[in-house]
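K.L.:
Next come a sequence and a model predicted from it.
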Amino acid sequence: MLYSRAYIESFGYELAPNVVTSDDLESRLEPLYKALRLQKGQLEALTGIRERRFWDPGYKMSEGAICAGRKAIENSGISPEKIDTLIYCGICKDYLEPATACAVCDGLGLSRKTQVYDVSNACLGVLNGMVQVANAIELGQIQAGLLVSCESAHQVINRTIDRLNETKDMTVFKNTIATLTGGSGAVAVLLTDPSLSAGGHRLLGGMLKNATQHHNLCTWGLNPDICAHEARLIETESVGILRNGVTLGMETFKGFRKELSWADDKPDKIICHQVGATHQKSILNAIGIPANKDFTTFQYLGNIGSVSLPITAAIASEREFLQPEDWVGFLGIGSGLNCLMLGIRW
């Protein structure tokens, strides 16, 4: 896919207020650690994640998305009435219906002509939403589209800790340790066409590939508070996810460079989905990108699902890691397995 008329005009984000360290979680896992004779410090050592953030109890996903969306609109200087499409892209939702995007649209005061709906695709939701909005801009159907997402991890982490302390089983620990890396946060990305852009970052195009034969490697059950189905925790086969995810990432990155006609020394900078230290090292080594081209937030924010990559890009831009005229790669991968990479001229 190639684009000529789509610009990333602005970002907005909201950090959850409650900082929870890996030491805090391990203190709650004392029965498990004692039974399995594990030393404290394992969680940070295995993942590289020192802390993550949680929302206050009862906080709605639409609330975080509204806060992030409002900031993106303010940062752009564009009137809310100009936003033709709003897509909520999170894994976590307020309800199964209506679309969480409806509450966000109302909270932001968008036009009654705004197209409003949800998109969900694990950790790739926001990138998928960007593609949908960019496609509509390219076709001349809309001038501006807003992508929002809000994720929450404390409920599933609480259930996981209870389960681990009850079972005291090493296999269960291995299959759920990825859950303990989860964090909470909200993000918004505003895309526009050239007529509304005032110094935005041009979206050049991208490449996507899937390896859906591995769809069972990571599964997350539905929220029992909003669904009658039996609740299930996140189950992740970490070794399989890493091995097959890296393979898929290599294949996608090769096609990504070719699609954008980028030389071997490009991109100048990258923003990846934030999983943890092992995944970061493995994918960078596999695609031949030095660590100094990558900006990370997982150490302090954990894995925030669909929020992780765009919130990391927003922070990297704020801290001037991303410089004007940089060729930037957004490298996303999500359970399923799906991989989507987008190129931006910053």
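P.N.:
Received the coordinates, thanks. Numbering: from 1, shown residues only.
K.L.:
pLDDT on stretch 94-108, on average?
P.N.:
The pLDDT scores in stretch 94-108 average 96.
K.L.:
Just give me how far it sits from the chain centre.
P.N.:
19 Å (Cα atoms, centre = their mean, to the nearest Å).
K.L.:
Contact partners for Tyr7?
P.N.:
Tyr7 is in contact with Leu191, Thr192, Asp193, Pro194, Ser197, Gly200, His201, Arg202, Leu203, counting by Cβ atoms under 8 Å, 6 or more residues apart in numbering. Yep, even glycine has a C-beta here, placed from its N, CA and C like the rest.
K.L.:
Helix, strand or coil: sort out Glu44 for me.
P.N.:
helix (DSSP: H, G, I helix; E, B strand; the rest coil).
K.L.:
Among the contacts of Tyr7, name the buried ones.
P.N.:
Among these, those classed as buried by 16 or more other Cβ atoms under 10 Å are Leu191, Thr192, Asp193, Ser197, Gly200, His201, Arg202, Leu203.
K.L.:
and the strand or helix carrying Glu14, average pLDDT?
P.N.:
Assigned by DSSP states H and E, Glu14 falls within strand 7-15. Mean pLDDT, strand 7-15: 98.
K.L.:
So which residues of the protein form strands?
P.N.:
Using DSSP state E, the strands of the chain run over residues 7-15, 18-21, 51-54, 85-88, 115-118, 144-151, 185-192, 201-210, 218-219, 235-236, 269-272, 327-334, 338-345.
K.L.:
List the buried residues in the longest one.
P.N.:
In terms of neighbour count (16+ other Cβ under 10 Å), strand 201-210 has its buried residues at His201, Arg202, Leu203, Leu204, Gly205, Gly206, Met207, Leu208, Lys209.
K.L.:
Check the fifth one too.
P.N.:
By neighbour count, with 16+ other Cβ under 10 Å as the criterion, the buried positions of strand 115-118 are Gln115, Val116, Tyr117, Asp118.
K.L.:
repeat for stretch 85-99
P.N.:
Result for stretch 85-99 [16+ other Cβ under 10 Å]: buried residues Thr85, Leu86, Ile87, Tyr88, Cys89, Gly90, Ile91, Cys92, Lys93, Asp94, Tyr95, Ala99.
K.L.:
how about CSV for those, with distance to Lys258 added?
P.N.:
Shown next, in CSV, are those (distance: Cβ to Cβ, whole Å):
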residue, distance to Lys258
Thr85, 30
Leu86, 33
Ile87, 28
Tyr88, 33
Cys89, 27
Gly90, 32
Ile91, 31
Cys92, 35
Lys93, 36
Asp94, 41
Tyr95, 42
Ala99, 36
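K.L.:
just curious, which of those residues is nearest to His154?
P.N.:
Nearest to His154 out of the buried residues of stretch 85-99 is Cys92 (Cβ to Cβ; 10.8 Å).
K.L.:
what residues does stretch 120-131 touch?
P.N.:
For stretch 120-131, the external contacting residues (Cβ under 8 Å, 6+ apart) are 1, 8, 87, 89-91, 93, 119, 145, 147, 149, 187, 189, 191, 203, 206, 208, 218, 273, 303, 305-310, 330, 332-336, 338, 340, 342.
K.L.:
and what of stretch 42-60?
P.N.:
The contact list for stretch 42-60 (Cβ under 8 Å, 6+ apart) reads 15-23, 25-26, 33, 64, 94, 103, 152-154, 177, 180-185, 276-278, 280, 298-303.
K.L.:
show me where pLDDT drops low in the protein?
P.N.:
Confidence mapping of the chain against pLDDT under 70 gives the ranges 221-235.
K.L.:
quick one: Asp265 from Leu203, how far?
P.N.:
21 Å (Cβ to Cβ, to the nearest Å).
K.L.:
With Ile315 instead?
P.N.:
In this structure, Ile315 lies at 19 Å from Leu203, with Cβ to Cβ as the measure.
K.L.:
mind listing what the strand holding Glu14 pairs with, with the direction of each?
P.N.:
strand 185-192 (antiparallel), strand 201-210 (antiparallel) (DSSP bridges).
K.L.:
What would it look like as PDB? C-alpha coordinates only.
P.N.:
Output in PDB follows, covering the C-alpha atoms of strand 7-15 (Å, rounded to 0.1, in the frame of the first residue of the first chain):
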ATOM      1  CA  TYR A   7      -0.800  13.000   7.100                       C
ATOM      2  CA  ILE A   8      -0.400  12.200  10.800                       C
ATOM      3  CA  GLU A   9      -1.300  15.600  12.100                       C
ATOM      4  CA  SER A  10      -1.200  15.100  15.900                       C
ATOM      5  CA  PHE A  11      -1.100  12.700  18.800                       C
ATOM      6  CA  GLY A  12      -2.800  12.800  22.200                       C
ATOM      7  CA  TYR A  13      -2.300  10.500  25.200                       C
ATOM      8  CA  GLU A  14      -3.300   9.900  28.800                       C
ATOM      9  CA  LEU A  15      -1.200   8.000  31.300                       C
END
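K.L.:
Not counting its neighbours along the chain, what's nearest the most centrally placed residue in the chain?
P.N.:
Closest to where the C-alpha atoms of the chain average out (Cα atoms, centre = their mean) is Ser306, at 2.5 Å. Nearest residue to Ser306, sequence neighbours excluded (Cβ to Cβ, 6 or more residues apart in numbering): Gly125, at 3.7 Å.
K.L.:
what number of residues lie near the one you found?
P.N.:
Per other Cβ atoms under 10 Å, the neighbour tally for Gly125 reads 26.
K.L.:
Next: Gly255.
P.N.:
By the criterion of other Cβ under 10 Å, Gly255 has 16 neighbours.
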